[in-house]
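Asks: Here you go, sequence then predicted model.
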Amino acid sequence: MLVFRIVYLFAIKADRHSNAGVASVREALAGITIPQRLLIASAVVYGLVFALLVEYGRPGLGIGYGFFVAIILAAAATGPYLGAVAGLGALFLYELAVHERAGLVWPDFDHPSALVRLGAFVAAGVVTGFLAQQLRLMLAQSLNMLEELSEIAYGRVDWASLESARAQDASPDGV
């Protein structure tokens, strides 16, 4: 039933019988920004994967790969540095879940499998965070260009200052 509620959360058509309560949920989510939603989803995935690892974790099931989803969500919301921190957090949660009964000690982190996991988790966070950061930068630049084009289209351009800036850019010494 929870899956159906989540699917209906993003439904476009408002049907009173099948989408009861969706409008109130949409209103509650309206104040939450997209990065905040990504971080909330990341925290939920971290918790879900950790709980699954504690309950069913054994080698060969691949439950730990679910941490990649959480890392990618967190890195997309923040950037490369916090993406790396998200990868470190995933490794910590993985090792904590795997060594739940024996206790977690520092030598658990220097096994080859833990180091490979560390590299993969951190790399996923850094790469995703970097790409998300670059995408946000490109979007900001395109919005600035759109604003400049709209000023030109509607005749709100100070042509004298534009020519002076163009001449300054064209001069060899830049002054």
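Replies: Done, it's in.

Asks: Mind pulling up the pLDDT for the most centrally placed residue in the chain?
Replies: Centroid-nearest residue in the chain, with CA atoms, centre = their mean: residue 76, separated by 2.3 Å. At residue 76, the predicted lDDT confidence score is 95.

Asks: Quick check: next helix or strand after the helix or strand containing it?
Replies: Counting by DSSP states H and E, the element that carries residue 76 is helix 67-77. Per DSSP H and E, the first helix or strand lying C-terminal to helix 67-77 is helix 80-98.

Asks: Need the contact partners of that next one.
Replies: Outside helix 80-98, the residues that touch it by CB atoms under 8 Å, 6 or more residues apart in numbering are 42, 46, 49-50, 53-54, 57, 64, 67-68, 70-71, 74-75, 78, 104, 108-109, 114, 117-118, 120-130, 133. No exception for glycine: its C-beta is placed from N, CA and C like everyone else's.

Asks: One more pass at 7 Å, please.
Replies: 46, 50, 53-54, 57, 64, 67, 70-71, 74-75, 104, 108-109, 114, 117-118, 121-122, 124-126, 128-130, 133 (CB atoms under 7 Å, 6 or more residues apart in numbering).
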